[in-house]
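Enquirer: make a model of this:
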Amino acid sequence: MTADIPALSTLPFIPYLDATGQIPTDCQGKVGIYGIFDAEQTLQFVGYSRDVYVSLKQHLVRQPGVCHSYKLETIDRPSRTLLEGIRTAWIDENGGLPSGNENEAAWTAAIDAKATMTPEEQSEYEALEEAAQGKYLKKIARRVEAEILDTLKARGVQMELRFNPKLKESGLLNLK
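Expert: Numbers count the residues shown, from 1 in each chain. Next up is the predicted model:
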């Protein structure tokens with residue numbers, strides 16, 4: 001690797017959650033690139049962000065079962081070219097695209113609660129007038145939110161997580 005591009009294998013694993021059930025805040029407000037690993041230390045996703053802490057938090061909510069540790073390289077000056085170069089190098093070092101990068105939307109897009117609707121809920125939703133559909137989607141989003149929070153609590157997450165209330169009427173969940 002070049003001096004600007006550290007090998008992923010040389011970076012230490014950082015536990016996703018500290019002893020208090022929080023994501024370590026030392027990456028808050030930092031620009032960087034990170035690799036997320038599952039419990040077996042298999043690379044799941046490589047991403048970069050203008051605020052690594054916020055991104056790690058979003059990934060934990062969207063993929064709680066596979067966010068167990070991460071490796072991080074922060075940079076002082078935001079440079080998409082440098083970040084893309086590191087991302088490419090890490091994916092090459094991994095021997096191919098991690099599974100999370102094959103379906104990036106599952107890691108980066110708002111959670112679509114509509115996709116979890118049962119056939120009965122779908123029928124009820126379609127029978128409603130347009131004005132009432134928003135309230136119904138909000139109810140579905142709240143159910144999915146409760147399931148996510150229960151899963152995270154079982155993982156030992158203790159930090160406060162607030163979802164954007166305005167998106168719930170569209171059936172979407174995204175941290176605020």
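
Enquirer: on the three-state scheme, the spatially most central residue of the chain is what?
Expert: Centroid-nearest residue in the chain: residue 59, 1.1 Å away (criterion: C-alpha atoms, centre = their mean). Classification of residue 59 using DSSP: H, G, I helix; E, B strand; the rest coil returns helix.

Enquirer: contacting residues for it?
Expert: Residues counted as contacts of residue 59 (C-beta atoms under 8 Å, 6 or more residues apart in numbering) are 36, 45, 47, 67, 107. In short, each C-beta sits where N, CA and C put it, glycine included.

Enquirer: cutoff 7 Å now
Expert: Neighbour list for residue 59: 36, 45, 67, 107 [criterion: C-beta atoms under 7 Å, 6 or more residues apart in numbering].

Enquirer: could you list the residues in contact with stretch 121-129?
Expert: By C-beta under 7 Å, 6+ apart, the residues outside stretch 121-129 that reach it are 117, 133, 136, 140.

Enquirer: and that stretch, which residues are buried?
Expert: Buried residues in stretch 121-129, counted by 16 or more other C-beta atoms under 10 Å: 121, 124, 125.

Enquirer: just how off-centre is stretch 54-72 within its chain?
Expert: In terms of C-alpha atoms, centre = their mean, to the nearest Å, the centre of stretch 54-72 is found 5 Å from the chain centre.

Enquirer: any idea of the mean pLDDT in it?
Expert: When pLDDT is averaged along stretch 54-72, the result is 97.

Enquirer: CA atoms only: put it into PDB for me.
Expert: Coordinates of each C-alpha in stretch 54-72 appear next as PDB, following Å, rounded to 0.1, in the frame of the first residue of the first chain:
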ATOM      1  CA  VAL A  54     -23.300   9.400  12.600                       C
ATOM      2  CA  SER A  55     -22.700   6.800   9.800                       C
ATOM      3  CA  LEU A  56     -21.700   4.000  12.200                       C
ATOM      4  CA  LYS A  57     -24.900   4.800  14.200                       C
ATOM      5  CA  GLN A  58     -27.100   4.500  11.100                       C
ATOM      6  CA  HIS A  59     -25.400   1.300  10.000                       C
ATOM      7  CA  LEU A  60     -26.000  -0.200  13.500                       C
ATOM      8  CA  VAL A  61     -29.700   0.600  13.300                       C
ATOM      9  CA  ARG A  62     -30.000  -0.800   9.700                       C
ATOM     10  CA  GLN A  63     -27.800  -3.900  10.200                       C
ATOM     11  CA  PRO A  64     -27.600  -4.700  13.900                       C
ATOM     12  CA  GLY A  65     -26.800  -8.400  13.500                       C
ATOM     13  CA  VAL A  66     -23.500  -7.800  11.700                       C
ATOM     14  CA  CYS A  67     -22.100  -4.600  13.200                       C
ATOM     15  CA  HIS A  68     -19.700  -6.000  15.800                       C
ATOM     16  CA  SER A  69     -16.400  -4.200  15.200                       C
ATOM     17  CA  TYR A  70     -14.900  -1.800  12.700                       C
ATOM     18  CA  LYS A  71     -11.600  -0.500  11.500                       C
ATOM     19  CA  LEU A  72     -11.200   3.200  10.800                       C
END
